[in-house]
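Peer 1: Provided below are the primary sequence and the corresponding predicted coordinates.
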Amino acid sequence: MKNLNIGMIGYGFMGKAHTNAYCQAPRFFQNEYRPVLKALCARNQEKAQGFADNWGYESVETDWRELLKRDDIDAVDICVPNNLHKEIAIEAAKAGKMILCEKPLAMNVAEGEEMCAAVEKAGVANMVWYNYRRVPAVTLAKQLIDEGRLGRIFHYRAFFLQDWTINADVPQGGAATWRLDAEAAGSGVTGDLLAHCIDTAMWLNGGIKDVSAVTETFVKQRKHAETGEAAPVKIDDACSFLCHFENGSLGLFESTRYARGHKALNTLEINGEHASIAWDLHDLHRLEYFDHRDDSIVRGWRSIHVSDGDQPYMDHWWVPGLQIGYEHSFTHQVADFLKSLETGEAAHPNFRDALQTQKVCDAVLSSAGERAWKSV
Ligand SMILES: NC(=O)c1ccc[n+]([C@@H]2O[C@H](COP(=O)([O-])OP(=O)(O)OC[C@H]3O[C@@H](n4cnc5c(N)ncnc54)[C@H](O)[C@@H]3O)[C@@H](O)[C@H]2O)c1
């Protein structure tokens, strides 16, 4: 067994989700490589040490540049706000480290291009955490589509709805609310939420040709958590867009943080000539499937409980009928990354794949700004 020494940057939501995945992946999936929690990097020494002690990191760094200088780090995991992805990734590539970077890849396409050039020049393994591909029900959807069960695809529909920024007193910027600050996040729901829907959509249904979008910022000013000053809000609070896919199907996407009652309603539905499928993050272990070729007296939507050993990833978990959850999508991504090191075949989505999602996001934002269709 070979060790893969991980240098984790950031210990927030994703730092925790990924660390858990590094711990679980080698226990449930057999790979030649085993992740070792070598170093945790965050600015506050005391908090970083607390996280490191809890999860079993061997050491702590407070400056990511120092982490990159270390010879005992093989792979760097970027779990910090979006405005830091580019600089860390480019320096990590120069230092010859493998890179696992959180989504969205970058603040915009120009940054993403630089990041792709850097990892490709350095020849380092790279991957972006669009983890919803690895929810077994979504992976099963991919299998059914690739088998041709849906026939020609007509429609792709996806929503990602939340409600946590309706209160105008929620600040922008700072540790907990950097997502509302365009300087840290790049964009609002487009890069944060729709990017997930777009990655999954292009994986399932192929490339997106052009888009027509509308965005809105409902709360125009918010106090900045660090300065205490009220400042204009420059992120999109809500975004809806239409698109054409390269396969001729039509897409409809919507995301908002103003859908009262919805915490993380991430859904997709695909309508094909013979069959339709639907999935919903709140019931993530189920795939809804309708097949028009069924005998008409029993035809109807079936709800497939994705927990059997012949369904994607499930032979590594419990006995049939027992489902798994959100965190397992990250474990599957780690397992697939480790496998890619073993086989030498690139893990996906890599930086280049994620750049394509970034191109769609940028086209969406520019379409909304100019009130015009934009090609990707
Ligand atoms: N794949 C997913 O489903 C998913 C979900 C949530 C977030 N994300 C992405 O993950 C990234 C992080 O988001 P999060 O929700 O974990 O944020 P978070 O606010 O919970 O954590 C961010 C972490 O970055 C650290 N940090 C900030 N600046 C730093 C610096 N200069 N050096 C070292 N550490 C620094 C903070 O201390 C904190 O630990 C973002 O790019 C976000 O878009 C992806």
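Peer 2: Perfect, I can see it now.

Peer 1: CA only for contacts and neighbour counts going forward, please
Peer 2: Will do.

Peer 1: who in this structure is up against the ligand?
Peer 2: Counting by CA under 6 Å from any ligand atom, the chain comes close to the ligand at 9-15, 41-43, 64, 79-82, 102-104, 129-131, 175-176, 192.

Peer 1: can you tell me which of those residues are in helices?
Peer 2: With DSSP state H as the criterion, helices contain Phe13, Met14, Gly15, Trp64 from among the residues of the chain next to the ligand.

Peer 1: Buried only: go through the residues you listed for me.
Peer 2: For those, a burial check counting by 16 or more other CA atoms under 10 Å picks out Met14, Gly15, Trp64.

Peer 1: Look up the closest residue to the last one, ignoring the ones flanking it.
Peer 2: I take that to be Trp64. What sits nearest to Trp64 in space, not counting adjacent residues and going by CA to CA, 6 or more residues apart in numbering, is Cys41, at 6.2 Å.

Peer 1: and that neighbour, how many neighbours?
Peer 2: 26 (other CA atoms under 10 Å).

Peer 1: Would you mind listing where this protein has pLDDT under the threshold?
Peer 2: Within the chain, not a single segment meets pLDDT under 70.

Peer 1: most centrally placed residue in it?
Peer 2: With distances taken as CA atoms, centre = their mean, the residue of the chain nearest its centroid is Tyr130 (2.7 Å).

Peer 1: quick one, what contacts that residue?
Peer 2: Glu102, Lys103, His196, Asp199, Thr200, Pro349 (CA atoms under 8 Å, 6 or more residues apart in numbering).

Peer 1: sorry, back to before: show the buried residues in the residues of the chain next to the ligand.
Peer 2: 9-11, 14-15, 41-42, 64, 79-82, 102-104, 129-131, 192.

Peer 1: quick one: Leu194 and Glu254 touch, right?
Peer 2: Yes: at 7.5 Å, Leu194 counts as touching Glu254 under the criterion of CA atoms under 8 Å.

Peer 1: Now for these two: what residues contact both?
Peer 2: Joint contacts of Leu194 and Glu254 (CA under 8 Å, 6+ apart) are Phe159, Phe160.

Peer 1: what about those two, which has more around it?
Peer 2: Taking neighbours as other CA under 10 Å, Leu194 and Glu254 compare with Leu194 leading, 29 against 23.

Peer 1: CA atoms only for stretch 3-13 - export them in CSV, please.
Peer 2: The C-alpha coordinates for stretch 3-13 follow below in CSV (Å, rounded to 0.1, in the frame of the first residue of the first chain):
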residue,chain,number,x,y,z
ASN,A,3,0.6,6.6,1.2
LEU,A,4,-0.9,9.7,-0.3
ASN,A,5,0.0,12.5,2.1
ILE,A,6,-2.8,15.1,2.2
GLY,A,7,-2.3,18.8,2.9
MET,A,8,-5.8,20.2,3.7
ILE,A,9,-6.4,24.0,3.4
GLY,A,10,-9.4,25.1,5.3
TYR,A,11,-11.4,23.4,8.0
GLY,A,12,-14.9,24.7,7.4
PHE,A,13,-17.9,22.8,5.9
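
Peer 1: isn't Ile198 right next to Thr357, touching?
Peer 2: Yes: between Ile198 and Thr357 there is a contact under CA under 8 Å: 6.2 Å.

Peer 1: Counting neighbours, go ahead and name the busier of those two.
Peer 2: Applying other CA under 10 Å to Ile198 and Thr357 shows that Thr357 carries more neighbours, namely 29 against 24.

Peer 1: Please state the offset of stretch 122-131 from the chain centre?
Peer 2: 12 Å (CA atoms, centre = their mean, to the nearest Å).

Peer 1: isn't Ile153 right next to Gly272, touching?
Peer 2: Yes: contact status for Ile153 versus Gly272: in contact at 4.1 Å, counting by CA under 8 Å.

Peer 1: Quick one: the helices in the stretch 151-300 of the chain, in order.
Peer 2: 182-185, 189, 195-205 (DSSP state H, counting those that start in this stretch).

Peer 1: okay, those in CSV with distance to Val298 next?
Peer 2: CSV is the format used below for the helices of the stretch 151-300 of the chain (distance: least, CA to CA, whole Å):
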stretch, distance to Val298
helix 182-185, 49
helix 189, 40
helix 195-205, 28
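
Peer 1: Point out the most buried one among those.
Peer 2: helix 189 (a mean of 25; mean count of other CA atoms under 10 Å).

Peer 1: buried set for the longest helix seen in the chain?
Peer 2: Scanning the chain for the helix with the most residues, using DSSP H, yields helix 351-370. In terms of neighbour count (16+ other CA under 10 Å), helix 351-370 has its buried residues at 351-368.

Peer 1: That one versus helix 195-205: what angle between them?
Peer 2: Put simply, helix 351-370 runs at 120 degrees to helix 195-205, going by axes from the mean of the first three to the mean of the last three CA atoms, to 10 degrees.

Peer 1: Off-centre distance for helix 351-370?
Peer 2: Taking mean C-alpha positions (CA atoms, centre = their mean), helix 351-370 and its chain are 15 Å apart.

Peer 1: Need the contact partners of it.
Peer 2: For helix 351-370, using CA under 8 Å, 6+ apart, the contacting residues are 103-106, 108-109, 112-113, 115-116, 126-128, 190-191, 194-195, 198-199, 208, 210-215, 241, 373-376.

Peer 1: Now do the contacts for the spatially closest residue to Asp280 that is not a sequence neighbour.
Peer 2: Ranked by CA to CA, 6+ apart and with sequence neighbours excluded, the top spatial neighbour of Asp280 is Thr267, at 4.3 Å. Neighbour list for Thr267: Ala158, Phe159, Phe160, Ala278, Trp279, Asp280, Leu281 [criterion: CA under 8 Å, 6+ apart].
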